[in-house]
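J.: let me see the structure of the following:
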Amino acid sequence: MANYYEILGVDKNATQDQIKTQYRKLARQYHPDLHPGDEQAAQKFKEINEANETLSDPEKRKKYDFELENPGMGGFGGFDGGGFGGFGDIFGDIFSSFTGGSAGARSEQNRKGQDITLEVELSFLDAAKGCKREIKYNRNEPCKTCKGTGAKNGTAYETCKTCKGSGQVQYVSGGGFFRSISVKACSDCNGTGRKITNKCTDCGGKGYNKTQTVVTLDIPAGADNNSYMKKRGYGNASTVGGEPGDLIVVFRLLPHKLFKRKNFDLYVEVPISYTTACLGGKVKIPTLDDSYELTIPDGVQSGKTMIVRGKGIKTRNGVGDLYVTIVVEVPSKLSRTAKKALETLEKELDVKSYDKIKKYKDAMDSLYGN
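T.: The predicted structure follows:
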């Protein structure tokens, strides 16, 4: 996928203001009005526009960053189902004043078919470790007989003479540097760029058929809630003979009884007894693959967090850690013998054995001048 940061010439941690400033600078440099007939400048201008549309939108940028770091997966949040704006988008933006007025509207034609968005539930462990998942869904699939053209044998059509096959007509008013441009779908061919002379018998000239599609997803380790995968070309067929849309599968993760996660790090709370907290010992803690024996130091306090390196989620881009929070549990019921033993123990202990109690007592004494 294209690196939009490199296209704009900004750092990955660039602020929105820095992105906006660099975008304006490059867009002015490669504006088509300054380079008439220069295809390379026009392509560069289009790339700059696409990069800015993604990086200037916080939600799109968040999804793009995740997909950039995790090939095959998408970022978080909702989906617009469209894709990036085309060449004409910029004319209605900052260059309306640069070109001397409104420079036209977005083309009404969109050759790409509609995207399909599906939600798939994953268990916590399947998402963390990766898995395969088969999904079935209905879509408008490009007709195999006419190859999505709607014409018999895929050839029974002619190029539209009005738009010369482009599917759109451009209207220009004014002249020179202060011209205004508007683009509309060709009315003679409805934006297809062609006229069918003999319809396909299998699809009736639509160019697609309603079918059930089965797709197997190879979900990599590290899928998170609201992350997604995109299968290009598995969306609905275009109604104008263009490429099909994409299938976007959004993941919903089910909660786990023990684990919580943040990115690729795992978090777990481990209860230990009062005795283990005082004397130390070993306790079994869960990991994604097996249990792990953790050494508890003597005198550990409740709420202490211990880090086990490399026991988080393992992905192609690195490995997370496991954060273990110790929770000291005081017994809720005691026998008479146990109570007497604790009373005897308490008499043996000095206040200096309790750091927090000592600090609290000293503060109280200081408060009242004792």
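J.: partner residues bridging the closest residue to residue 291 other than its chain neighbours?
T.: Once its chain neighbours are removed from consideration, residue 291 has its nearest residue in residue 284; the separation is 4.6 Å (Cβ to Cβ, 6 or more residues apart in numbering). C-betas here are computed from N, CA, C, even on glycine. When bridges are taken as DSSP bridges, the partners of residue 284 come out as residue 293.
J.: residue 284 reaches residue 295, doesn't it?
T.: No. Under the criterion of Cβ atoms under 8 Å, residue 284 makes no contact with residue 295, lying 11.4 Å away.
J.: follow-up on the earlier one: so what's the residue nearest to residue 291 up against?
T.: With contacts defined as Cβ atoms under 8 Å, 6 or more residues apart in numbering, residue 284 is in contact with 291-294.
J.: for the stretch 51-200 of the chain, which segments count as strands?
T.: Using DSSP state E, counting those that start in this stretch, the strands of the stretch 51-200 of the chain run over residues 116-122, 131-142, 157-159, 168-173, 180-185, 194-196.
J.: so which of those strands gets nearest residue 250?
T.: For these, proximity to residue 250 was assessed by Cβ to Cβ; strand 116-122 is nearest, at 5.1 Å.
J.: pull out the buried positions in that closest one.
T.: 116-117, 122 (16 or more other Cβ atoms under 10 Å).
J.: where does the stretch 1-150 of the chain dip in pLDDT?
T.: 33, 70-111 (pLDDT under 70).
J.: quick one, helices of it?
T.: Along the stretch 1-150 of the chain, counting by DSSP state H, counting those that start in this stretch, helices occupy 4-8, 16-29, 39-55, 58-69, 95-98, 124-129.
J.: turn those helices into a markdown table, including mean neighbour count and distance to residue 324.
T.: A markdown table is the format used below for the helices of the stretch 1-150 of the chain (neighbours: other Cβ atoms under 10 Å; distance: least, Cβ to Cβ, whole Å):
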| stretch | mean neighbour count | distance to residue 324 |
| --- | --- | --- |
| helix 4-8 | 19 | 37 |
| helix 16-29 | 15 | 38 |
| helix 39-55 | 18 | 38 |
| helix 58-69 | 16 | 27 |
| helix 95-98 | 15 | 56 |
| helix 124-129 | 20 | 17 |
